[in-house]
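Visitor: Need a 3D model of the sequence below.
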Amino acid sequence: MIIDSHEHVMFPTELQIEKMDKAEIDKAVLFTTTPHPEKAFSLNEFKSEMSILFKILGGENTLEINKKRMKKDILDLTEVIKKYPDRFYGFGPVPLGMTFENTELWIKKYIIENNLKGVGEFTPGNDEQINQLETVFKVLKKIISEESRILPVWVHTFNPVTLNGIKILEKLTEKYSEIPVIFGHMGGYNWLEVADFVKNTSNAYIDLSGTFSTLAVKMVINEVPEKCLYSSDAPYGEPILNKQMIEYLIPSKKIKNKVFGENILKLLK
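Guide: You can find the predicted model right below:
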């Protein structure tokens with residue numbers, strides 16, 4: 001089974017499935033989205049959609065705005081999964097900055113009750129917001145002890161996340177070793193740091209979408225094939241092109257099987 005481990009909700013969903021079929025992808029792990037760049041046909045339309053994304057990545061929105069946005073986005077996500085359960089798994093967002101109690105209520109209501117497989121994408125705009133992830137880790141640790149339910153955490157680690165921010169996330173990953181952590185987009189320009197960390201940390205994984213160098217992808221897959229997750233970040237990437245890149249770079253069928261599906265299936269149990 002070939003699984004794209006990171007795509008965002010696209011409209012119409014039939015377009016998304018068409019792209020998956022063209023790339024011969026069986027299922028995708030679907031994440032929520034507020035902007036929809038796939039709808040843009042002009043540069044101005046694209047700028048308008050991306051301005052929404054940049055505001056989110058910059059951490060400019062208030063907690064209440066984020067909560068309202070995420071509730072709507074989760075509804076969009078779950079409706080797509082219910083309509084096409086054979087094509088999608090789902091991860092759901094959790095607002096940063098809430099109390100332990102409210103974070104626990106949110107995860108149980110919006111993640112677990114919707115049968116989502118993990119939490120994220122987290123897009124921390126600064127180091128303070130990365131530190132706020134610890135509340136989420138504490139709640140997930142409690143859920144593991146009470147329900148034996150493991151929910152992986154997916155964190156955006158490209159710009160605007162800095163090397164210092166990545167190091168904060170690494171410390172949290174080590175501290176909460178029972179929780180799988182996916183370093184989204186390979187750490188961006190800090191991919192060497194992330195690769196070294198993932199190699200030596202049992203609960204750390206690397207998402208291969210949004211990369212800027214094929215050399216980086218090749219090195220990481222060769223070094224830690226059991227920790228790499230094929231993904232496209234659609235609509236920001238094309239599933240078929242990301243798949244072809246890995247097929248070209250990695251000749252081993254055994255390693256391809258791990259990257260294209262076995263690793264994420266093992267992670268999601």
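Visitor: Tell me the predicted confidence for residue 57.
Guide: pLDDT recorded at residue 57 is 63.
Visitor: Next secondary structure element downstream of the helix or strand that contains residue 257?
Guide: Assigned by DSSP states H and E, residue 257 belongs to helix 253-257. Elements were assigned by DSSP H and E; along the chain past helix 253-257, the next helix or strand is helix 263-268.
Visitor: Tell me how far that next one lies from the chain's centre.
Guide: 13 Å (Cα atoms, centre = their mean, to the nearest Å).
Visitor: which parts of it are buried?
Guide: Across helix 263-268, burial judged by 16 or more other Cβ atoms under 10 Å covers 263-264, 267-268. C-beta: built from backbone N, CA, C; applies to glycine.
Visitor: Of those residues, which pair is most distant in space?
Guide: Farthest-apart pair in these is 263 and 268; separation 9.8 Å (Cβ to Cβ).
Visitor: if we can go back for a sec, quick check, nearest of the buried residues of helix 263-268 to residue 68?
Guide: residue 268 (28.4 Å).
Visitor: Leaving out chain neighbours, which residue sits closest to the closest one?
Guide: Excluding its sequence neighbours, the residue lying closest to residue 268 (Cβ to Cβ, 6 or more residues apart in numbering) is residue 117, at 4.9 Å.
Visitor: For the one you found, give me its contacts.
Guide: By Cβ atoms under 8 Å, 6 or more residues apart in numbering, residue 117 lies in contact with 29, 89-91, 151-152, 268.
Visitor: among those residues, which are in strands?
Guide: Judged by DSSP state E, strands contain the following of the contacts of residue 117: 29, 89-91.
Visitor: Tabulate those (TSV), appending neighbour count and distance to residue 165.
Guide: What follows is these, written out as TSV (neighbours: other Cβ atoms under 10 Å; distance: Cβ to Cβ, whole Å):
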residue	neighbour count	distance to residue 165
29	26	23
89	19	27
90	21	26
91	24	20
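Visitor: Switch those residues over to TSV; also include distance to residue 207 and pLDDT.
Guide: Formatted as TSV, those follow (distance: Cβ to Cβ, whole Å; pLDDT from 0 to 100):
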residue	distance to residue 207	pLDDT
29	10	98
89	15	97
90	16	98
91	11	98
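Visitor: in the stretch 101-250 of the chain, which spans are strands?
Guide: Remark: strands assigned in the stretch 101-250 of the chain by DSSP state E, counting those that start in this stretch are 118-122, 153-156, 181-184, 204-207, 228-229.
Visitor: which of those strands sits most buried?
Guide: strand 181-184 (a mean of 28; mean count of other Cβ atoms under 10 Å).
Visitor: avg pLDDT for that strand?
Guide: pLDDT averaged over strand 181-184 gives 98.
Visitor: Direction included, what does it pair against?
Guide: Applying DSSP bridges, strand 181-184 is found paired with strand 153-156 (parallel), strand 204-207 (parallel).
Visitor: one step back: any idea how far the helix holding residue 257 is from the middle of the chain?
Guide: Helix 253-257 sits 22 Å away from the centroid of its parent chain (Cα atoms, centre = their mean).
Visitor: residues in contact with it?
Guide: Outside helix 253-257, the residues that reach it (Cβ under 8 Å, 6+ apart) are 221, 225, 246-247, 250.
Visitor: Tell me which helix or strand in the protein has the weakest average pLDDT.
Guide: helix 43-57 (a mean of 65; mean pLDDT, DSSP states H and E).
Visitor: following that one, which helix or strand comes up?
Guide: Helix 43-57 is succeeded, C-terminally, by helix 63-83 (DSSP H and E).
Visitor: which strands and helices sit next to that next one?
Guide: Identification of packing neighbours for helix 63-83 by 3 or more Cβ pairs under 8 Å, 6 or more residues apart in numbering; DSSP states H and E yields strand 27-31, strand 88-92.
Visitor: For residue 237, find the nearest of these.
Guide: Closest of the helices and strands packed on helix 63-83 to residue 237 is strand 27-31, at 12.1 Å (criterion: Cβ to Cβ).
Visitor: Direction included, what does the closest one pair up with?
Guide: Strand pairing for strand 27-31, using DSSP bridges, gives strand 3-8 (parallel), strand 88-92 (parallel).
Visitor: tell me the angle it makes with helix 63-83.
Guide: Interaxial angle of strand 27-31 relative to helix 63-83 (axes from the mean of the first three to the mean of the last three Cα atoms, to 10 degrees): 160 degrees.
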